[in-house]
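J.: turn this into a model:
(chains A and B)
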Amino acid sequence: MTHKKRFNLLYVYLLRFDSPFLMSSVRIYLPDNSYKEFDFEPTVLQVAESIGSRLAKDTLGAQIDGGSEVVDLRTPLKDGTKLSIVTKGSPESLEVIRHSAAHLMAQAVQEIWPEVKVTIGPVIDNGFFYDFDSPFPFTPEDLKKIEKKMNHLLKKNEPVVKEVWSQAKAIEVFSEMKENFKVEIIKDLGEDEVSIYKQGEWFDLCRGPHVQKMGQIKAIKVQHTAGAYWRGDENNPQLQRIYATAFNSKEDLQEHLQLLEEAKKRDHRKLSKDLGLVYNHPFAPGAPFFTEKGTIIYNQLQAYMRECYIKYGYHEVISPQIFDNQLYEKSGHDANYKDDIFATKIGERDFAVKPMNCPGHCLLYGATKKSYRDLPWRIADFGRLHRNEKSGALHGLTRVTTFCQDDAHIFCRMDQLFDEIKSFMTFLNEVYQCLGMSNYKIFLSTRPEKRMGSDEIWDEAEAVLEKAVKELDLPYTINEGDGAFYGPKLDIMFVDALKRPWQLGTMQADFNMPKNFELKYVGEDNANHQPVMLHRAILGSLERFIGVYLEHTAGRLPTWLAPTQVVVMNITSNHDSYCRELTELLAEQGVRAHYDDRNEKLGFKIREAQLQKIPFMITVGDKEVSDNAVSVRLLNGKNINGIDKHEFIKNLCSEIKERKLTTHLGDN
RNA sequence: GCCCAUGUGGCUCAGUGGUAGAGCACACCCUUGGUAAGGGUGAGGUCGAGAGUUCGAUUCUCUCCAUGGGCACCA
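T.: Residues are numbered from 1 along each chain as shown, chains lettered A, B, ... in the order given. Take a look at the predicted model:
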């Protein structure tokens, strides 16, 4: 603090307490610790005005007392408030802009179709939506019309005015307008007063924050429509949702739209088709075929996990595909999961296709008498699972009806739990590092509404997981009510190259299933005890993982995973025998090499190999044949010419064997 | 499951109330060409399935199936 300020502070102090005739002053602190004084409680905007007219013009909201919530610029500030003004330059400003843009969209819709009723329109990541109660669905042409209308309204640059109404008045006004959803919201709020934001003639019930004038929204884009249930409940009426976004500048909007384009290019459904990895047929909805190429990725991942299983003390098992439904009655699946199980009746007997491995593994545990010395008992299973997903839920490889998890169950004693969780996290970290997936977050998902077992059991299970992450010093977030029906989970959320989160790995603590199956081990005390069951997966399902990984890498797989690792290209048919020998040599070393001997120009072959994202392209011409060498082109376009043939193969083999991340492929 | 949209050769997509077209891929021929598409010729589709309207449907209507965008669901 400067000398002058310190003096001011003292002076004001004296004024406040020694001059009863003056109104006590209100002091608002700015981020640089300086402050502004008022003899009334100023609004955010008034503070901004006192600093400068330019700042006032750019003001969109504020954050107060170090909080992250953005408050409305019309908010009166109490003495001592620490104020950080949000202007159009700050990322928080988007929230304000989008909030107002949502109102603008609702206004546009109601000006075009007065019969459409409004509900709510919140800001979401990257944009906002507004849910309308409309007698007709919006067409793409309607969306264009809405966008046009919004741009027209923007030009009018109407000021946004806040009013505070009594609950009674608000109910009366909105009832008269037949805005019944709004009336319901006001009643549910149960507040004596509610705030209303007006632009021109149009107004909406809203908590804010909002811009000063609509013209502060610089760029909007109406994106797409969707059906959505009122209050997210499928028993409620379905509304018409319109998604849109808004930005501080046309450039920012352009940039965002480009990012969406990029994400579209990386869509695993497109990539898996273009790279020839997966095939889908309407006769098997949600059940992908893996082609000969896709199967290589699938099997390589499994082989990798199998190697890790040896290191981490897991034993692989194979369990039945179809069980008598009594198994699922016993496990609790019949009560909690029936809708998703493929079931069939043969004669008088009910059968079910297994939706998960755990009940079968409980049977296998019970097959032999276990001593405390046998624990932890870790069994892994790549068994095929089938789940009868609701039709609308299917999505590429990430949501399918049949899949295979890198699944394992650990049966252990209570005192072994911590070490098991720790070992799992080490295992997971090793795998994710190997795959270049270092960015992941941990969520602790707690008891869901639909669950089995007593609250005491749940208390214990949740506490065990929480204690473990705390002791391991891992940062985590609680995900209330998102646990499995048999136990809480630690969910691993992988964040991909485009910053999108995906749930892959999981570690679940289950005290319920061991109880249902009356699982026991004989303790040191020669008495029976119940083991704890841990359900865990690192990749999640192979299908889902491959989908996510394709998007993360944009299809540029590390060499060890690439279906074709090397393509050999001759320049003329004179080099044919050399190429043939080279390809055989590579194959002998276990390298997946393809010889492109087509009568085509080199540029053409390169282009195809490039589009197929093959890590190594070898070109062979007169030079290479005479030097017994190879020239290599990498996916990033770099060339390494004239390497000794054997040296190249040696290096390549070690890259594959060590499962190196191919950084030379370019930025993933 | 719900709302909306879409479905045309292997792929990407035009198009029409009078039984269809392009590019790529494919086959054959010419071309032997050093780092992202050489040229020519040809074959290939009862326009997702079923029903209806119509003299006539790939086109209009309905139902179903699948896919896409969401919602809900995701043990």
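J.: and the stretch 151-300 of chain A, which residues reach RNA strand B?
T.: A:224-229, A:232-234, A:238, A:240-241, A:243, A:267, A:269, A:273, A:280, A:282, A:285-286 (Cβ under 7 Å from any atom of the strand). Backbone N, C-alpha and C define where each C-beta goes, glycine included.
J.: would you mind checking those for buried ones?
T.: Among those, those buried by neighbour count (16 or more other Cβ atoms under 10 Å) are A:T225, A:A228, A:Q240, A:R241, A:Y243, A:R269, A:N280, A:G286.
J.: confirm that the third one sits in a strand.
T.: Yes: when classified by DSSP: H, G, I helix; E, B strand; the rest coil, A:Q240 is found to be part of a strand.
J.: is it true that it touches A:F132?
T.: Yes: A:Q240 is within contact range of A:F132, at 4.8 Å (criterion: Cβ atoms under 8 Å).
J.: which neighbours do those two share?
T.: Residues touching both A:Q240 and A:F132 comprise A:F138, with contact defined as Cβ atoms under 8 Å, 6 or more residues apart in numbering.
J.: and stretch A:491-506, what's buried?
T.: A:D491, A:I492, A:M493, A:F494, A:D496, A:A497, A:W502, A:Q503, A:L504, A:G505, A:T506.
J.: which one of these is nearest A:E95?
T.: Compare each of the buried residues of stretch A:491-506 with A:E95 using Cβ to Cβ and the shortest gap goes to A:M493, at 23.0 Å.
J.: quick check: phi and psi at the closest one.
T.: Main-chain dihedrals, A:M493, degrees, to the nearest 10: phi -100, psi 110.
J.: just checking, it touches A:N439?
T.: No: using Cβ under 8 Å, A:M493 is not in contact with A:N439; the gap is 9.6 Å.
J.: other SSEs contacting the helix or strand where A:C362 lies?
T.: Here A:C362, judged by DSSP states H and E, is contained in helix A:358-366. Under the contact criterion of 3 or more Cβ pairs under 8 Å, 6 or more residues apart in numbering; DSSP states H and E, the helices and strands touching helix A:358-366 comprise helix A:326-331, strand A:377-381, strand A:402-412, helix A:512-516, strand A:532-541.
J.: next, the contact list for the closest residue to A:G66 other than its chain neighbours, please.
T.: Once flanking residues are discounted, A:G66 sits nearest to A:K82: 6.2 Å by Cβ to Cβ, 6 or more residues apart in numbering. Taking Cβ under 8 Å, 6+ apart as the criterion, A:K82 is in contact with A:Y29, A:P31, A:I64, A:D65, A:G66.
J.: is the second one within a helix or a strand, and which one?
T.: Same thing as A:P31. Counting by DSSP H and E, A:P31 is found in no helix or strand.
J.: so for it, what's the pLDDT?
T.: Per-residue pLDDT puts A:P31 at 87.
J.: neighbours of it, how many?
T.: Residue crowding around A:P31 was assessed by other Cβ atoms under 10 Å; the count is 11.
J.: list the contacts for it?
T.: Here A:P31 is in contact with A:K82, A:L83, A:S84 (Cβ under 8 Å, 6+ apart).
J.: count the residues that sit near the last one.
T.: Yep, that's A:S84 we're talking about. Neighbour tally, A:S84, other Cβ under 10 Å: 18.
J.: repeat that for the second one.
T.: Burial of A:L83, expressed as a neighbour count using other Cβ under 10 Å, amounts to 21.
J.: test my guess that it contacts A:L30.
T.: Yes: using Cβ under 8 Å, A:L83 is in contact with A:L30, at 6.2 Å.
J.: contact residues of the stretch 501-650 of chain A facing RNA strand B?
T.: Residues of the stretch 501-650 of chain A lying near RNA strand B (Cβ under 7 Å from any atom of the strand): A:508, A:571-574, A:599-604, A:606-607, A:610-611, A:617, A:619-624, A:631, A:633, A:637, A:639, A:641.
J.: so A:A263 makes contact with A:L498?
T.: Yes: using Cβ under 8 Å, A:A263 makes contact with A:L498 at a distance of 5.7 Å.
J.: give me the common contacts of the two.
T.: A:E551.
J.: residues near the residue in the stretch 51-200 of chain A that RNA strand B sits nearest to, how many?
T.: Nearest residue of the stretch 51-200 of chain A to RNA strand B, counting by Cβ to the nearest atom of the strand: A:P137, 3.3 Å away. The number of residues packed near A:P137 is 9, by other Cβ under 10 Å.
J.: picking up where we left off before, can you lay out the helices and strands packed on helix A:358-366 as a markdown table showing distance to A:K36, mean pLDDT and mean neighbour count?
T.: Formatted as a markdown table, these follow (distance: least, Cβ to Cβ, whole Å; pLDDT from 0 to 100; neighbours: other Cβ atoms under 10 Å):
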| stretch | distance to A:K36 | mean pLDDT | mean neighbour count |
| --- | --- | --- | --- |
| helix A:326-331 | 66 | 94 | 18 |
| strand A:377-381 | 64 | 98 | 22 |
| strand A:402-412 | 59 | 97 | 23 |
| helix A:512-516 | 60 | 93 | 20 |
| strand A:532-541 | 54 | 96 | 24 |
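J.: would you format these as CSV with distance to A:I478 included?
T.: Compiled in CSV, the helices and strands packed on helix A:358-366 are given as follows (distance: least, Cβ to Cβ, whole Å):
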stretch, distance to A:I478
helix A:326-331, 27
strand A:377-381, 27
strand A:402-412, 23
helix A:512-516, 21
strand A:532-541, 19
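J.: alright, calling it a day.
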